[in-house]
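*Asks:* sequence plus the predicted model coming up.
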Amino acid sequence: MTNLPPNQNPSAATQPSPMAHSYDGICEYDNPLPGWWKWLFILTVVASPFYLLYYHVGAPNRSVHERFTAALDANQKKKYLDLGPLTPDANTLVTYMGKKEWMDVGKSIYKLNCTSCHGPEGGGVIGPNLCDDNYKHIKKIEDIAKVINEGVAGGAMPAWATRIPDKNDIVMLTAYVASLRGSSPANAKGPDGSPISAWPEASASTPAPAKDLEPASPEKPESTKP
Amino acid sequence: MSHTAISDTGSSHLGDEDRQIDRYSYDDDIVRWFVFATIFWGLVATSVGVIVAVLLVSPELAGNFRSDVASVLSFARLRPLHTNAAIFAFAGNGIFAAIYYSTQRLCKARMWSDALSRLHFWGWQGIIVAAALTLPLGITQSKEYAELEWPIDIAIAIVWLLFFGTNFMMTLIHRRERHMYVALWFYIATIVTVTILHVFNNLVVPVGLGKSYPIYAGVQDALMQWWYGHNAVAFFLTTPFLGLMYYFLPKAADRPVFSYKLSIIHFWSLVFIYIWAGPHHLHYTALPEWASTFGMLFSLMLWMPSWGGMINGLLTLRGAWHKVTADPVLKFFVVGITFYGMSTFEGPMLSIKSVNALSHYTDWTIAHVHSGALGWNGFMTFGMIYWLLPRLYQTKLYSTKLAEWHFWIGTIAILLYIIPIYIAGITQGLMWRELTPKGDLANTFMDTVPVLIPFWWARVFAGVLYVLGIVLLAYNAIRTWMARPKTYDVPVYSTPRLSRGYVEHVQDSSPLAGVPVLDLATKIDRLNRMNWHRAWEHLPVKFTVMTTLAVVVASAFELVPMFLIRSNIPTINTVKPYTPLEIAGRDIYVSEGCYNCHSQMIRPLVAEKLLYGEYSKPGESVYDHPFQWGSRRIGPDLARIGITQQSGVWHWKHFESPTAMTRESVMPSYRHLLEEKLNFGQIEPRVAANKYLHPEYPYEVSKSEELAREQAEKVAAEIISLGGPVEYNGHLIKDSTVIALIAYLKRVGTDLFKTEEPAVPAGQTATPVAGIQ
């Protein structure tokens, strides 16, 4: 390795000479702070109090929790905007079973809550197969909603009414589960329970929303607090 | 290197004619040992990294072994071994090699005590071996990078402060170089701050040798842990490596350091600001929002102080770039410093809340830390070792060509690691938040897992390449060592002792002197000349005290309000302590390292609410010693598992074979928890410790075993009634270890929704949770 002092090193000709001291042969230049470095540093320091003031002086709708609540409300309203509250009667269920966009909604709810016990396609895991003609605790299509809401078999199938508070979600989920009948997913479990008659046919008229029911409301976290 | 004795007249300090001339030599044996330990543990740490990467892509591998062997071969047990080995064994020994080599030369003094140097070396290796034995057995505190249990923690404190710290400080005091060079400032900051972080994050109530409960719970434990965790990155993986850079880079490049002034400014701003940045690991969690905001703002302010180190490194190479093409040492340094610059830009960016909302809990974080660990820490260490080998073994490096190969293989390995993992992280983050036009979740958690598998395979390949690079280093080092001389030449130097009563000669030649400007302007000009700092540099004790003050004051600002202001953690009256059996179950959760893959912290974000349920409140984890919020979701969040999966028999079957319940699962089987019998005798002292921490604990300690057995019977009866087995592995299932874990899981996240039995007396009403600011 060459050991030329910096002032004899041709490539360092434009450099000023280093400071007087050296440590184990290491010298230091006294170069000024790079301007961009200094100003970016100052900028991050100066900007911080403004950020703090903007979000933390108590102005409404700026905190994480307020913005979350607003976003959640907006998202919930988006879903059943034109639908009004529904009831899980046979006619409503078979009607929505035929509407693909709503069966996608039912499928989302199913995937989120039911897959771990009934399998991603309803073939059954620890819970029964939902795709064949044999059912337990179910004689007619409305019974599905009842089983979902209230649970059966001593909690093996838990009650979902509290966890899926939106009644329309229950309707769409019930319709989706009913629609699984007749499909044949891979790795399905064998039949369980007894065979029941086919679901009714859809009637011509679209079911009217139940007027007397409370509008579907999102779960309010505050209501669960002491 | 000169092998003849050199003499130094003491440069500018005249008037000390009667000073005694000292003769001394350097202790390079200790450096040789640390260098070999670094290479050895580097191989171990990265190999364990490859093993855990493989376990992630094929979790069923461990199933081929007996279940007690399989229990050790699980990702969650071995991942802490990988991180601890990389940080404390590989990087740790690396910085000790750097410090022992450079400090002696920068101080013109042998290390103060050879005995302390050796105690430090062997003590540290003993600690590493203890870690390697305990972590795979599930003896862990389950706080990231602070997993080691309390007896090892005490050993760390002794070895670090009493052996290493004392030896270092005494060497500084007995130095023969008047001023301390910038590398030494960084070493001082390292020793002081790591001591403080380590001690305060590891205050625990011990229950036997292998188990303890942190004195902090929930939110406070989380804040302490990430104050520690982030500053372990700062003061174990950054400041000592900056010190390393400031010594070895100008030595290898034979160029003066770019700017003395920049060294001063970026050193002090780094030390002061780094301390505050920890809460950025807890954005959108139950941590109060003001703390999270401070974490973000100080992280942004940290950007330039960090880059000050990068600039001073890279600009030192001005006029020496032609050397970089020829010298693998400089190549390692240049790439290492570049990765430092990238990571310290990315860090502040990830600390911005809205970016963090996407990145947190994903592989993005994993890619970020590996660009820092493999690029910055790894490459700076390798560069240093290649520079040291010929000097320590007093012969030529066995093969410069192999070193070049190591450089290129290592560089490609880093890129092959981080690029796929960045893609995996961002992909998963986007999938988690994707909503359908009707506002439903587009994907469940399991939909996002198979997407990652190809990227995880790429990581396995990249990891093998990186290990291969270290194998080349090891071979090169061994061959160089084999060519060493029969006896090492130990040069003896002579230098006059430092005189007492030295007064800093201040060159007060401000161009503003005599110019008609305000007095203030002259003062600012003088301050700007850094002469005040020059004076500090010959006062090691004062310098250490000032550094300690910077760290302690900044820490106090961050931590004290959290412990003093009660409204930081509003009480939720329905949240009650765990039952004895649930405590036992939680201890299993902690011991198995479930936090490595599962968070217990639902953030107030729409997609998370839809996926996991109500977001987590600070008051919910007040009985959690330690907190288990996690930092990565390889599996789904479990904060509401007691609500979303109430079936004990499902849990039973899932622990036995996760893929039988969820086809795409990457969770390994926990069959050993079904086969092993729970040690009910252990429960009482653990309950006693919980009662000590929470005097209001409602269950009688002496009855805890009885209570636990009762609850275990209930849990088992329910499992049996729903079709589970009565016996397993020759014993009734009520005695299985997993029953306690299931009891705990059925409890997690449920208290918030309970209705309280007795009415709350007026005046004691809890602060409404929604009103937290």
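*Replies:* Received the coordinates, thanks.
*Asks:* okay, now residue 118: neighbour count?
*Replies:* Since no chain was named, I'll use chain A. Using other C-beta atoms under 10 Å in any protein chain shown, A:H118 has 23 neighbouring residues. Where you see a C-beta, it was placed from the backbone N, CA and C, and this is true even at glycine.
*Asks:* let's do chain B instead
*Replies:* The burial count for B:R118: 15, using other C-beta under 10 Å.
*Asks:* cool, and B:F379?
*Replies:* Applying other C-beta under 10 Å, I find that B:F379 has 26 neighbouring residues.
*Asks:* in terms of helices and strands, where is the nearest residue in space to it that is not next to it in sequence?
*Replies:* Counting by C-beta to C-beta, 6 or more residues apart in numbering or on different chains, B:G336 is the residue found nearest to B:F379 once chain neighbours are left out, at 3.4 Å. Element membership for B:G336, per DSSP states H and E: helix B:328-351.
*Asks:* show me what that helix is packed against.
*Replies:* If contacts are counted by 3 or more C-beta pairs under 8 Å, 6 or more residues apart in numbering or on different chains; DSSP states H and E, helix B:328-351 sits against helix B:239-253, helix B:289-316, helix B:321-326, helix B:353-359, helix B:363-370, helix B:379-392, helix B:400-433.
*Asks:* thinking again about what came up before, the residue nearest to B:F379: what's it in contact with?
*Replies:* Residues near B:G336 by C-beta atoms under 8 Å, 6 or more residues apart in numbering or on different chains: B:245, B:375-380, B:383.
*Asks:* could you dump the helices and strands packed on helix B:328-351 to TSV with mean pLDDT?
*Replies:* Converted to TSV, those look like this (pLDDT from 0 to 100):
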stretch	mean pLDDT
helix B:239-253	98
helix B:289-316	96
helix B:321-326	93
helix B:353-359	97
helix B:363-370	97
helix B:379-392	98
helix B:400-433	98
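*Asks:* just name the most buried of those.
*Replies:* Neighbour counts (mean count of other C-beta atoms under 10 Å in any protein chain shown) averaged over each of the helices and strands packed on helix B:328-351 peak at helix B:239-253, with a mean of 26.
*Asks:* and that helix, how far out from the chain's middle?
*Replies:* Distance of helix B:239-253 from the chain centroid (C-alpha atoms, centre = their mean, to the nearest Å) equals 22 Å.
*Asks:* send me that helix as PDB with only the CA atoms.
*Replies:* Only the C-alpha atoms of helix B:239-253 are listed here, as PDB (Å, rounded to 0.1, in the frame of the first residue of the first chain):
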ATOM      1  CA  THR B 239     -22.600   2.300  16.700                       C
ATOM      2  CA  PRO B 240     -19.900  -0.300  17.200                       C
ATOM      3  CA  PHE B 241     -19.900  -0.900  13.500                       C
ATOM      4  CA  LEU B 242     -19.600   2.800  12.800                       C
ATOM      5  CA  GLY B 243     -16.600   2.700  15.200                       C
ATOM      6  CA  LEU B 244     -15.200  -0.200  13.200                       C
ATOM      7  CA  MET B 245     -15.800   1.700   9.900                       C
ATOM      8  CA  TYR B 246     -14.000   4.800  11.300                       C
ATOM      9  CA  TYR B 247     -10.900   2.800  12.100                       C
ATOM     10  CA  PHE B 248     -10.600   0.100   9.400                       C
ATOM     11  CA  LEU B 249     -11.900   2.100   6.400                       C
ATOM     12  CA  PRO B 250      -9.300   4.900   6.500                       C
ATOM     13  CA  LYS B 251      -6.700   2.400   7.400                       C
ATOM     14  CA  ALA B 252      -7.500   0.100   4.400                       C
ATOM     15  CA  ALA B 253      -8.000   3.100   2.000                       C
END
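*Asks:* I'd like the next helix or strand past it.
*Replies:* Counting by DSSP H and E, what follows helix B:239-253 is helix B:260-274.
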